[in-house]
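A.B. asks: Sequence below, structure please.
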Amino acid sequence: MHPLGANTWIWVSPLTDARLAELAPRICGWGFDAIELPIESPGDWDPDRTADLLAGLGLTATVCAVMPPGRDLTTDDREVVERTADYLRYCVRAAARVGAGVVAGPMYAPVGRTWLLDRDARAATVRRLRERLTPLGEEAAGQRVTLALEPLNRFETSLLNTAEQTLEVVDGIRGLGIALDTFHMNIEERDIPAAIRTAGDALAHVQVCANDRGAPGNDHLDWPGIVEALRGVGYTGPLCIESFTAENRTIATAAAIWRPLAPSQDQLATAGLAFLRDLLDRAAAANAR
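C.D. replies: Numbering: from 1, shown residues only. Below is the predicted model:
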C-alpha cells in the first residue's frame with residue numbers, strides 16, 4: 001500500500017556522504033523501501049553520488065528541507081527571503097537528481113520562531129507567503145518535485161499548526177502540497193484521521209513516529225484510522241519514520257530529545273518498520289474482504 005522509509009536523522013545530523021554510504025545499505029537490508037534525506041546545508045551530501053548509491057540498492061528517496069534561523073519566507077528582509085528561496089531551489093535540484101518527488105518541511109519560517117498574529121496579520125502573512133511560494137512551486141513542478149509544507153506544533157511555530165491552516169497556504173498553487181507528521185498532529189489536531197481528510201488530495205508526504213517521537217506503534221495513536229484516512233484521500237506515497245539522534249546535541253535540543261526513545265536507534269527503526277508492515281498488511285487484508 002505504501003513504501004516505508006526511514007529518515008537519517010534517526011542516526012545522524014548532519015548527513016554526510018560517508019555516513020550515508022554506511023547507513024543506506026543497512027536501511028535497505030532491514031527491508032525499508034525508501035530513505036529520507038535531510039539537507040541541513042547545501043553540499044552536506046552529494047546528489048550525484050547519492051543517486052548512484054540509492055540506485056544500486058533499489059532505494060527510493062524523499063528530501064527534507066531544514067529551516068534554522070536565517071531561513072524565512074515571511075520576513076520583511078528581502079536578502080533573507082532570497083537566500084531562503086535559493087536554498088529551497090537547491091533542495092529541489094537535489095531531490096530531482098536523486099529521484100525524490102517531494103521536498104518536505106516547514107518551508108515558511110525558522111523552527112522555533114513564534115509570534116502573535118491577529119486575524120488581519122495572519123491573513124497578510126498568508127498572502128505574502130503564497131506570493132513567495134508561487135514561483136518556487138512552479139519551478140519545483142517543472143522538475144517533477146512537490147514542495148510539501150509541514151505544519152508544526154505550537155512550541156515550534158505560531159504560523160501553521162494544522163492541516164487546515166496549511167491548506168490555506170498551498171491551495172491552488174502548482175507544485176505545492178502538504179506534509180503531515182503524526183508527532184505534530186498528535187499535539188495540534190483534535191482528530192488525526194479527520195485532519196488527513198482535510199488535507200485531501202493536497203497531501204504530498206507523511207512522516208510517522210510515536211507520540212513521543214519513538215517507534216510508531218509504541219503509543220496511543222489510532223493507526224488503523226490513520227491508514228484508512230490515507231486510503232480515503234488517495235495517498236499512496238511513503239510513510240517515513242522520523243525521529244532524532246542524541247548524537248548531535250543541537251538537533252537533540254531543538255527536537256527536545258531528553259531521554260532514550262528505544263534501546264537503540266537501530267531498534268527504533270526496525271521496530272517501527274515491523275509495526276508498519278503488519279499494520280499495512282492487516283489493512284490490505286481487511287479491504288480485500
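A.B. asks: buried stuff in stretch 136-147?
C.D. replies: Buried residues in stretch 136-147, counted by 16 or more other C-beta atoms under 10 Å: L136, G137, E139, A140, A141, V145, T146, L147. Just so you know, the C-beta spots here come from the backbone N, C-alpha and C atoms, and that holds for glycine as well.
A.B. asks: What separation do you get for the residue lying closest to the second one once chain neighbours are set aside and V145?
C.D. replies: Spatial nearest neighbour of G137, excluding adjacent residues (C-beta to C-beta, 6 or more residues apart in numbering): G175 at 3.1 Å. When distance is defined by C-beta to C-beta, to the nearest Å, G175 is 7 Å away from V145.
A.B. asks: Check D212 too.
C.D. replies: 32 Å.
A.B. asks: The stretch 101-250 of the chain: strands as residue ranges?
C.D. replies: If DSSP state E, counting those that start in this stretch is used as the criterion, the strands of the stretch 101-250 of the chain fall at 102-105, 146-149, 176-181, 203-208, 239-241.
A.B. asks: Now render these as TSV, adding mean pLDDT.
C.D. replies: What follows is these, written out as TSV (pLDDT from 0 to 100):
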stretch	mean pLDDT
strand 102-105	98
strand 146-149	98
strand 176-181	98
strand 203-208	98
strand 239-241	98
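A.B. asks: Distance to E82 for these - can I get that in JSON lines?
C.D. replies: As requested, the strands of the stretch 101-250 of the chain are exported to JSON lines (distance: least, C-beta to C-beta, whole Å):
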{"stretch": "strand 102-105", "distance to E82": "18"}
{"stretch": "strand 146-149", "distance to E82": "17"}
{"stretch": "strand 176-181", "distance to E82": "19"}
{"stretch": "strand 203-208", "distance to E82": "25"}
{"stretch": "strand 239-241", "distance to E82": "30"}
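A.B. asks: Looking at these, spot the one closest to L117.
C.D. replies: Set against L117 and scored by C-beta to C-beta, those come closest in strand 146-149, at 16.8 Å.
A.B. asks: that older thread, tell me the confidence at the residue nearest to G137?
C.D. replies: Per-residue confidence at G175 stands at 98 (pLDDT).
A.B. asks: and it, what does it touch?
C.D. replies: By C-beta atoms under 8 Å, 6 or more residues apart in numbering, the residues touching G175 are L136, G137, E138, E139, A140, A141, G142, V145, T146, L147.
A.B. asks: Okay then, goodbye and thanks.
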